[in-house]
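*Asks:* take this sequence and fold it.
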Amino acid sequence: MTDPRPTVYVETYGCQMNVSDSELMLGKLAAHGYDAVDHPDGADVILVNTCAIREHAETRVIGRLGELRRNMKPGAIVGVTGCMAQRLGPVLLEKAKHVSLVIGPDGYRALPALIDGARRGQRASATTFDLEEHYEDFQPRRFDNVKAWIPVQRGCDYRCTYCIVPTTRGPERSRKLADVVRETETVVAEGMSEVVLLGQTVNSYHDGESDFADLLRAVGAVPGVRRLRFTSPHPNDFSTRVIAAMATVDAVCEHVHLPMQSGSTKILKRMLRRYTREGYVECVDRLRSAIPGLSVTTDIIVGFPGETDEDFEETLSVVRAVGFSEGFTFKFSPRDGTPATRMPAELTVPDEVASERLATLVATMRAHSRVENMGLLGRRCEVLVEKEARRGGDLVQTRTRDFKTVLVPGDASMIGQYLNVELTGTTGSTFTGQIVSERRPLPMAG
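*Replies:* Down below sits the predicted model:
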């Protein structure tokens, strides 16, 4: 009787790059005889793919490792991968005795061999950077059959003073354009029509010959690519060439996620973001002038060392002026090893002050979104069905080209289809809609 194939469970935390890395790991292990499972109980191998951006993320993972220990199958191999693994390295093996493997983002090629070693009692930490590693020969096992996350760049050279990414993912390096196009052709052949290009500062992409504008044009020209997105760009890297490509490549969606982090030039300088308040707003204006109807979302940190009430008011004023469709907002979280942790103690913003600012920022952004979304009711637009809605009730979750979420009547058989819908209601953040035949586009932003 043939022994059953070993099973692997991967639990993913953090950004889309981590999701993509999990897909790479599953693909690598599938090629070595493993079957993926949806739950950790009973799995032969459990991998926790981690984030290190904020302290809360690491604390949550430590707690989760304890939960897994109580319920895991006897003899199961537990590994921690990703950014937290890279940051802590062998220290994590000391903190969690039931963890056998600690593997950074450049160590996944050795994963099958390291698991085999763990079965023989060998605990290992693999956290060496490999500046040539792009996993070109891996066949990812994708979680999503609707859109494909395609990494085009690894690492980051910007070194913002609050950010741990250069430490956990190393210096910036880009894949060859031809390799990205090849992967795009593969995912289209598998039935996916939306592609999301990934990089820490994705629009700084350059493979030595081609820049991000060339990449957008090449990927957008692949037959079958109907929607093209990218995340996350840096305001400094929106060259005239890149904006022109965004405006003229039909597949590029009318949405940009453009991290601002602060609306105060003083704080931006302390963050080492390398642009001013005025420079950020000018970047948004250039994008919207070239791309009618562009939706802009952002990331903002409050409570950065030295942020005064006046600095925070400057952030609020930019939020009001730009009119972000949505924002991901955070209190500053110091990360060991970053320059922000070495700033004078008197610059520390009390937690209660940061919490109050965060609440004010969230309320300001939600108020704008509510007004904007109410003004869109009655409009008709194209949506892509992504998945069944969490709330159930025979609804599916769909997405407009400008990244608005619309719940419409339907079932799982509709996933991956494009529909024309009329926006009939809004909660302030998401929409409800009805399927129609005639399409009227969303109005221009602003």
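*Asks:* show me the helices in the stretch 51-200 of the chain, by range?
*Replies:* According to DSSP state H, counting those that start in this stretch, the stretch 51-200 of the chain carries its helices in the segments 55-71, 83-88, 90-95, 111-119, 165-169, 177-189.
*Asks:* may I have the shortest one as PDB, with CA atoms only?
*Replies:* Going back to what we said before, that points to helix 165-169. The C-alpha atoms that make up helix 165-169 are tabulated as PDB, following Å, rounded to 0.1, in the frame of the first residue of the first chain:
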ATOM      1  CA  VAL A 165      11.800  46.200   5.200                       C
ATOM      2  CA  PRO A 166      15.400  46.900   4.100                       C
ATOM      3  CA  THR A 167      16.600  44.700   7.000                       C
ATOM      4  CA  THR A 168      14.100  41.900   6.400                       C
ATOM      5  CA  ARG A 169      14.100  41.800   2.500                       C
END
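*Asks:* where does the stretch 151-300 of the chain have low pLDDT?
*Replies:* Counting by pLDDT under 70, the stretch 151-300 of the chain contains no low-confidence segment.
*Asks:* state the distance from the nearest residue to residue 20 once chain neighbours are set aside to residue 53.
*Replies:* Using C-beta to C-beta, 6 or more residues apart in numbering and skipping residues adjacent in sequence, the residue nearest residue 20 is residue 149, 4.3 Å away. Every C-beta, even on glycine, is put in place using the N, C-alpha and C of the backbone. With distances taken as C-beta to C-beta, to the nearest Å, residue 149 is found 18 Å from residue 53.
*Asks:* more neighbours: those two, which one.
*Replies:* residue 149 (23 against 20; other C-beta atoms under 10 Å).
*Asks:* of the helices of the stretch 51-200 of the chain, flag the one that's most buried.
*Replies:* With neighbours taken as mean count of other C-beta atoms under 10 Å, the helices of the stretch 51-200 of the chain reach their highest mean count in helix 83-88, at a mean of 25.
*Asks:* which secondary structure elements does that one contact?
*Replies:* Contact analysis of helix 83-88 by 3 or more C-beta pairs under 8 Å, 6 or more residues apart in numbering; DSSP states H and E lists strand 45-50, helix 55-71, helix 90-95, strand 101-103, helix 165-169 as its packing neighbours.
*Asks:* sheet partners, orientation included, of the first one?
*Replies:* The one in question is strand 45-50. Paired with strand 45-50 in the same sheet, following DSSP bridges, are strand 7-12 (parallel), strand 77-82 (parallel).
*Asks:* mind listing what residue 189 touches?
*Replies:* If a contact means C-beta atoms under 8 Å, 6 or more residues apart in numbering, then residue 189 has residue 224 as its contacts.
*Asks:* how long is stretch 280-298 end to end?
*Replies:* This stretch, stretch 280-298, spans 11 Å end to end (C-alpha to C-alpha, to the nearest Å).
*Asks:* one more: stretch 44-56?
*Replies:* Termini of stretch 44-56 sit 28 Å apart (C-alpha to C-alpha).
*Asks:* show me where the stretch 151-300 of the chain has strands.
*Replies:* According to DSSP state E, counting those that start in this stretch, the stretch 151-300 of the chain carries its strands in the segments 153-154, 173-174, 194-198, 227-231, 255-257, 295-302.
*Asks:* got those as TSV, with mean neighbour count and distance to residue 139 columns?
*Replies:* As requested, those are exported to TSV (neighbours: other C-beta atoms under 10 Å; distance: least, C-beta to C-beta, whole Å):
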stretch	mean neighbour count	distance to residue 139
strand 153-154	25	18
strand 173-174	20	21
strand 194-198	22	17
strand 227-231	22	22
strand 255-257	24	28
strand 295-302	22	32
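*Asks:* returning to what we had before: let's have the strands paired with strand 45-50 in a markdown table, adding mean neighbour count and mean pLDDT.
*Replies:* Formatted as a markdown table, the strands paired with strand 45-50 follow (neighbours: other C-beta atoms under 10 Å; pLDDT from 0 to 100):
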| stretch | mean neighbour count | mean pLDDT |
| --- | --- | --- |
| strand 7-12 | 21 | 96 |
| strand 77-82 | 25 | 95 |
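*Asks:* JSON lines for those, including distance to residue 429?
*Replies:* Written out in JSON lines, the entries for those read as follows (distance: least, C-beta to C-beta, whole Å):
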{"stretch": "strand 7-12", "distance to residue 429": "24"}
{"stretch": "strand 77-82", "distance to residue 429": "29"}
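*Asks:* which stretch among the helices of the stretch 51-200 of the chain comes nearest residue 25?
*Replies:* Go through the helices of the stretch 51-200 of the chain one by one with C-beta to C-beta and the one that ends up closest to residue 25 is helix 111-119, at 6.1 Å.
*Asks:* distance check, the closest residue to residue 179 other than its chain neighbours against residue 150.
*Replies:* Of all residues not flanking residue 179 in the chain, residue 136 sits nearest, at 5.5 Å (C-beta to C-beta, 6+ apart). Counting by C-beta to C-beta, the gap between residue 136 and residue 150 amounts to 12 Å.
*Asks:* okay, those two: which has more neighbours?
*Replies:* Here residue 136 and residue 150 are compared on neighbour count by other C-beta under 10 Å; more neighbours surround residue 150, at 22 against 10.
*Asks:* show me what the longest helix along the chain is packed against.
*Replies:* With DSSP state H applied, the helix covering the greatest number of residues in the chain is identified as helix 351-374. Contact analysis of helix 351-374 by 3+ C-beta pairs under 8 Å, 6+ apart lists strand 295-302, helix 309-322, strand 326-331, strand 418-426 as its packing neighbours.
*Asks:* winner for burial among these?
*Replies:* Among the helices and strands packed on helix 351-374, the stretch with the highest mean neighbour count (mean count of other C-beta under 10 Å) is strand 295-302, at a mean of 22.
*Asks:* and the angle for that one with strand 227-231?
*Replies:* Interaxial angle, strand 295-302 versus strand 227-231 (axes from the mean of the first three to the mean of the last three C-alpha atoms, to 10 degrees): 20 degrees.
*Asks:* ok, residues contacting strand 295-302?
*Replies:* Applying C-beta under 8 Å, 6+ apart, the set of residues contacting strand 295-302 from outside is 162, 232, 254-263, 271, 284, 287-288, 312, 315, 319, 322-332, 354, 357-358, 361, 402-404, 445.
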